[in-house]
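Q: Provided below for reference: sequence and predicted model.
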Amino acid sequence: MNRRDLCLTSIGATVSLLALKAAATGSTPESQAKTPKHDHEGHHHAHEGAKDDGHEKLASLAAQAVTKGAICADHCIDMLAQGEKDMAECLEHVTDLVAVAEALGKLAANRSQQLPLGAKLTTAVAAECAKACDKHRRHMKPCQDCYDACKELEKACQSFTL
């Protein structure tokens, strides 16, 4: 999978999820034009001012891992193009990391009941990715950044695992 395919797949998945959410909630442009506005003044939501129980931090760390992982994947592809065959293993692990971190971020943001399973999987994938990055991180900044993001995410996931 090349960089373009990876980006298009991520964008496509995100757009699909947003479309599904809009359809499920009835918040399409057509429905908004037909539905009268609901006045939310005076409503109090449980989440306003509530202490974060770690879900927001986990979602943020997952997003950071996706970003750092995508940069690392791009670096791996460039190095592979230059003949550095040992970067293939790194690319495999970082591709897995990006996939699970993106899913984990959504689970954490939604406070999903499946978060413990996602955190368990992400812990394992982040550990493997960090192990692969460790071989190159001392002389390649994208690998160091990805390693750091993996370790932070791995640590944060441990408090959410089963």
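A: Perfect, I can see it now. Numbering: from 1, shown residues only.
Q: what packs against the biggest helix by length in the chain?
A: Longest helix in the chain by number of residues, with DSSP state H as the criterion: helix 55-81. Helices and strands touching helix 55-81, by 3 or more Cβ pairs under 8 Å, 6 or more residues apart in numbering; DSSP states H and E, are helix 3-25, helix 87-109, helix 115-134, helix 141-157. (Glycine included, C-beta is placed from N, CA and C.)
Q: can you put these in JSON lines and add mean pLDDT?
A: Compiled in JSON lines, the helices and strands packed on helix 55-81 are given as follows (pLDDT from 0 to 100):
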{"stretch": "helix 3-25", "mean pLDDT": "49"}
{"stretch": "helix 87-109", "mean pLDDT": "96"}
{"stretch": "helix 115-134", "mean pLDDT": "96"}
{"stretch": "helix 141-157", "mean pLDDT": "96"}
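Q: export the ones you listed to TSV and tack on distance to residue 53 and mean neighbour count?
A: As requested, the helices and strands packed on helix 55-81 are exported to TSV (distance: least, Cβ to Cβ, whole Å; neighbours: other Cβ atoms under 10 Å):
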stretch	distance to residue 53	mean neighbour count
helix 3-25	23	11
helix 87-109	10	22
helix 115-134	11	21
helix 141-157	12	22
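Q: right, and these - which one's nearest residue 69?
A: Between residue 69 and the helices and strands packed on helix 55-81, the tightest spacing by Cβ to Cβ is seen for helix 87-109, at 4.2 Å.
Q: between the closest one and helix 141-157, how big is the angle?
A: 40 degrees (axes from the mean of the first three to the mean of the last three Cα atoms, to 10 degrees).
Q: tell me the angle of helix 87-109 relative to helix 115-134?
A: 150 degrees.
Q: Return helix 87-109 as CSV; C-alpha atoms alone will do.
A: As requested, the backbone C-alpha atoms of helix 87-109 are provided in CSV (Å, rounded to 0.1, in the frame of the first residue of the first chain):
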residue,chain,number,x,y,z
MET,A,87,12.3,-0.7,6.8
ALA,A,88,9.7,-3.2,5.5
GLU,A,89,9.2,-4.6,9.0
CYS,A,90,8.8,-1.1,10.4
LEU,A,91,6.2,-0.2,7.7
GLU,A,92,4.2,-3.3,8.5
HIS,A,93,4.1,-2.5,12.3
VAL,A,94,3.4,1.3,11.8
THR,A,95,0.6,0.5,9.4
ASP,A,96,-1.0,-1.7,12.0
LEU,A,97,-0.4,1.0,14.6
VAL,A,98,-2.2,3.7,12.6
ALA,A,99,-5.2,1.4,12.0
VAL,A,100,-5.7,0.4,15.7
ALA,A,101,-4.9,3.9,17.1
GLU,A,102,-7.5,5.5,14.8
ALA,A,103,-10.1,3.0,16.0
LEU,A,104,-9.1,3.4,19.6
GLY,A,105,-9.4,7.1,19.4
LYS,A,106,-13.0,6.8,18.2
LEU,A,107,-13.8,4.2,20.9
ALA,A,108,-12.3,6.5,23.6
ALA,A,109,-14.1,9.5,22.3
